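Participant: structure for this input, please:
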Amino acid sequence: MTMLNRKKLELLTIKKLIKEYSFLEDYFKDNLINIENKQDLTLIQLLDSIDKIEKEENTIDDNQIIENIIDYTNQMIEFLGMEDNKVKTLTIYPGYNKYGEKENYDKIDVHAGEIICIVGPTGSGKSRLLADIEWAAQGDTPTKRIIHIDNNPVDIANRFSAGNKLVAQLSQNMNFVMDLTVYEFLKLHAQSRMVENDEEIVEKIIIKANELAGEKFTRDTPITSLSGGQSRALMIADTAILSSSPIVLIDEIENAGIDRKKALELLVGEEKIVIMATHDPILALMGNKRIVINNGGIAKIIDVTEKERSILSELEKLDKIMQDMRNKLRYGKEITLDKQYKLKKILGGINMHEGCSGKFESGKQIVDKLRMMGFERQAMPLPVQIDCECSESFIMETFESKCPHCGMVYGVTPCHAFDKNNIMAAGKDY
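Facilitator: You can find the predicted model right below:
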């Protein structure tokens, strides 16, 4: 929805004005402006048609009414977040790492429809970069980075506007507190955005969300009873289809329990800029670039090559087998040796795992290898119970896991994940 100006106001009929800015109908009633049988007139023509005596009785000032309608309309557009909010380019200018060293790049341009992945060890500063983008940093954050939108600095009004947010963020944890059904929640959002076909939009969001979620839900499901994965699926679909925010930030979508590939395709299909922090090689290879974070700063910018993308199909085969195994576990089905053998065969054929099948002298070597390959947070083919050195037990679900009782870190490579004896301890809080 575009902002209203005097020229546009002079050209549009009352009928067209109300169709584009539906809240103006109430404005005319509240201000005693009779539009009955006059909707084919422009506002200027309508005001000219009002008798001079009637104007004096109702204290109608033509110029004042025109200015008031323009101001009211534009304030409502901003308040409701309905302004056309397209962004062609987001630019990141260098700041400083945690040692005060300037980041070594000129600028990073991200274009609409692109996916940019932020990678790096835990605690390296990925979330800080997401925060800089979310708040459109202007050299006023700890990193001193500067963010430009379409080659211009972002002014204070747009940075801190509650109704016209440039950025939507999907965090790892989402909890609803409103006592509404899925349908009621989406209907409320659609009505607040004053979309014309709200029923159609709500149904589309529910259908898309169920395509992403592992476990289906209905329009009558209370939002407070949605699982973490269902909540994220719902909000991703809502963000893609209904949100006006042109930039979407995602923090570790791989932990959401959803179809992450479909989620990205949905967001990118709406011509949004998608920037996500991830440890997932599949997601990283689906992106256009990787921003590597180390010591709180951007250490490297990598364009995804065709050579790297050639690995993607093999990784997706592996991922499908692991997803099938997880679904069998969820629904109480037997995991067959045949599937495990097929998984081993695929793992052995991926160049990215060169050295995975080698000998490791310590748990630290295994964990270092996992982190280097980006597999530390990938799910095990089968969860394993670990009897920790602290005499407590826990379930190891990812190739690198930490004992929740004492902090001991354990690791196993994908090639060796089928034998519990291959799991080794790397040290506490390693």
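
Participant: what does the closest residue to residue 125 other than its chain neighbours show for phi and psi?
Facilitator: Spatially, and ignoring its direct neighbours in sequence, residue 125 is nearest to residue 296 (4.0 Å; Cβ to Cβ, 6 or more residues apart in numbering). All C-beta atoms are positioned from the backbone trio N, CA, C, and that covers glycine. Per-residue torsions, residue 296: phi 80, psi 0 (degrees, to the nearest 10).

Participant: just the pLDDT for residue 296.
Facilitator: Note for residue 296: predicted pLDDT of 94.

Participant: what does residue 126 give?
Facilitator: For residue 126, the model assigns a pLDDT of 91.

Participant: tell me which stretches of the stretch 151-300 of the chain form helices.
Facilitator: According to DSSP state H, counting those that start in this stretch, the stretch 151-300 of the chain carries its helices in the segments 156-159, 182-192, 198-212, 228-241, 260-269, 281-286.

Participant: worst mean pLDDT among those helices?
Facilitator: Ranked by mean pLDDT, those bottom out at helix 156-159, with a mean of 69.

Participant: any weak-confidence spans in this structure?
Facilitator: 1-2, 32, 58, 78-85, 157-158, 160-164, 172-174, 254-257, 270, 336-359 (pLDDT under 70).

Participant: in this protein, where's the longest strand?
Facilitator: Counting residues, the longest strand found in the chain (DSSP state E) is strand 379-387.

Participant: out of the helices of the stretch 151-300 of the chain, nearest to residue 406?
Facilitator: helix 228-241 (26.0 Å; Cβ to Cβ).

Participant: and the closest one with helix 182-192, angle?
Facilitator: Taking axes from the mean of the first three to the mean of the last three Cα atoms, to 10 degrees, one finds that helix 228-241 is oriented at 30 degrees with respect to helix 182-192.

Participant: what residues of helix 228-241 count as buried?
Facilitator: 229-241 (16 or more other Cβ atoms under 10 Å).

Participant: return the member of those nearest to residue 63.
Facilitator: Out of the buried residues of helix 228-241, the member with the shortest distance to residue 63 (by Cβ to Cβ) is residue 241, at 41.0 Å.

Participant: ok so, going back, from residue 377, how far off is the residue nearest to residue 125?
Facilitator: Going from residue 296 to residue 377 by Cβ to Cβ, to the nearest Å gives 21 Å.

Participant: of those two, who's got more company?
Facilitator: More crowded of residue 296 and residue 377, by other Cβ atoms under 10 Å: residue 296, with 23 against 19.

Participant: which stretches of the stretch 201-350 of the chain form strands?
Facilitator: Applying DSSP state E, counting those that start in this stretch to the stretch 201-350 of the chain gives strands spanning 247-251, 273-277, 289-294, 297-303.

Participant: re earlier: distance to residue 393 added to the helices of the stretch 151-300 of the chain, as JSON lines?
Facilitator: Output for the helices of the stretch 151-300 of the chain, formatted as JSON lines (distance: least, Cβ to Cβ, whole Å):
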{"stretch": "helix 156-159", "distance to residue 393": "49"}
{"stretch": "helix 182-192", "distance to residue 393": "38"}
{"stretch": "helix 198-212", "distance to residue 393": "33"}
{"stretch": "helix 228-241", "distance to residue 393": "24"}
{"stretch": "helix 260-269", "distance to residue 393": "30"}
{"stretch": "helix 281-286", "distance to residue 393": "30"}
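
Participant: for residue 105, find the nearest of the ones you listed.
Facilitator: Closest approach to residue 105 among those (Cβ to Cβ): helix 281-286, 18.8 Å.

Participant: for that closest one, packing partners?
Facilitator: strand 115-119, helix 260-269, helix 306-330 (3 or more Cβ pairs under 8 Å, 6 or more residues apart in numbering; DSSP states H and E).

Participant: okay, those, which one's buried deepest?
Facilitator: Counting by mean count of other Cβ atoms under 10 Å, strand 115-119 has the highest mean neighbour count of those, with a mean of 24.

Participant: residue 373 against residue 281, yeah?
Facilitator: Yes: Residue 373 is in contact with residue 281 according to Cβ atoms under 8 Å; the separation is 7.4 Å.

Participant: between those two, which has more neighbouring residues?
Facilitator: Under the criterion of other Cβ under 10 Å, the comparison of residue 373 against residue 281 puts residue 281 first, with 23 against 18.

Participant: excluding its backbone neighbours, what's nearest the more buried one?
Facilitator: Spatial nearest neighbour of residue 281, excluding adjacent residues (Cβ to Cβ, 6+ apart): residue 374 at 5.0 Å.

Participant: on that earlier part again, my read is that the residue nearest to residue 125 contacts residue 97, right?
Facilitator: Yes: with contacts counted by Cβ under 8 Å, residue 296 reaches residue 97, the gap being 4.6 Å.

Participant: find residues that contact each of those two.
Facilitator: 125, 143 (Cβ atoms under 8 Å, 6 or more residues apart in numbering).

Participant: which ones are touching residue 96?
Facilitator: 102-103, 143-144, 297.

Participant: go again using 6 Å as the cut-off
Facilitator: 102, 144 (Cβ atoms under 6 Å, 6 or more residues apart in numbering).

Participant: using the three-state scheme, assign residue 22.
Facilitator: For residue 22, the assignment made with DSSP: H, G, I helix; E, B strand; the rest coil gives coil.

Participant: circling back to that earlier point, tell me which strands the longest strand of the chain pairs with, and in which orientation.
Facilitator: The strands beside strand 379-387 in its sheet (DSSP bridges) come out as strand 393-398 (antiparallel).

Participant: which outside residues touch the partner strand?
Facilitator: Residues from elsewhere that reach strand 393-398 (Cβ under 6 Å, 6+ apart): 377, 379-380, 383-387, 403-404.

Participant: let's see it at 10 Å
Facilitator: 255, 279, 326, 370, 375-380, 382-388, 401-406, 408, 410-412, 417, 420, 423 (Cβ atoms under 10 Å, 6 or more residues apart in numbering).

Participant: after it, next one along is what?
Facilitator: As assigned by DSSP states H and E, the chain's next helix or strand after strand 393-398 is strand 400-402.

Participant: what count of nearby residues applies to residue 293?
Facilitator: Neighbour count of residue 293, defined by other Cβ under 10 Å: 23.

Participant: check which helix or strand covers residue 127.
Facilitator: Assigned by DSSP H and E, residue 127 falls in helix 126-134.

Participant: got the buried residues for that helix?
Facilitator: Within helix 126-134, the residues that qualify as buried are 126-134, counting by 16+ other Cβ under 10 Å.

Participant: stretch 369-385 now?
Facilitator: For stretch 369-385, by 16+ other Cβ under 10 Å, it's 369-371, 373-382, 384.

Participant: try stretch 413-430
Facilitator: For stretch 413-430, using 16+ other Cβ under 10 Å, the buried residues are 413-418, 423-426, 430.
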